[in-house]
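>>> predicted model, plus sequence, below.
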Amino acid sequence: MSDIKKESIKVLYRSMIDALQYPDAYPWITSKCGSQAAIASVERRSIGIHAMTLNTFKKYSDAALDGGFEQLEKLRVAIKRKSKNANGETSKGTKSKTAVYKEKLDEAERLRAILIRAYTDLNRICLDAVRKSPEYQYDLDRHNELYREYFSLTLVANDD
């Protein structure tokens, strides 16, 4: 079980580093950076992050990370500060509905761009695999059609 907890800490730490750079893409982390207990309670089993008590979290952070829990704590505080600054209010004290919707639209566009980039990279891997094993070409063609349908984009392959 300790290996699972150590790996969980490592995955959370890497995700927190990404959240510091792209806070809008990681609301499930930024919303939990208000306290140590909250960050310890983060659970995303799909990527290998498991919730722990704070004491267990501290123990395994020290074992799993260079700099231990202190390093993770510095990162949590940095994310907390950055998300407060990013969510700052206008000079009137509240944001207009237009500004709120514009921010949400901008966030959605950024997330869409990240998703498309990741998907394109994965597709490039698939194209390389099909070159090595052409019997999967039909499956790749079906896949490309779905890609076009979902993202309204067409894949372009370089024939090097």
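Sure, I can see it. Keep in mind the model is a prediction, meaning the values are calculated, not measured.
>>> quick one: low-confidence ranges for this protein?
The model of the chain has pLDDT under 70 over residues 1, 86-95, 151, 153-160.
>>> just give me the residue closest to the centre of it.
The residue at the geometric middle of the chain, judged as the C-alpha nearest the mean C-alpha position with C-alpha atoms, centre = their mean, is residue 26 (5.1 Å).
>>> thought that one was touching residue 12?
No. Using C-beta atoms under 8 Å, residue 26 is not in contact with residue 12; the gap is 10.8 Å. To be clear about C-beta, it is placed using only N, CA and C from the backbone, and glycine gets the same treatment.
>>> which residues touch the helix or strand harbouring residue 38?
Residue 38 is part of helix 36-40, with elements assigned from DSSP states H and E. Contact partners of helix 36-40, identified using C-beta atoms under 8 Å, 6 or more residues apart in numbering, comprise 12, 16, 29, 32-33, 51-54, 56-57, 72-73, 76.
>>> show me how far that helix is from its chain's centre.
Going by C-alpha atoms, centre = their mean, to the nearest Å, the spacing between the C-alpha centre of helix 36-40 and its chain's C-alpha centre is 18 Å.
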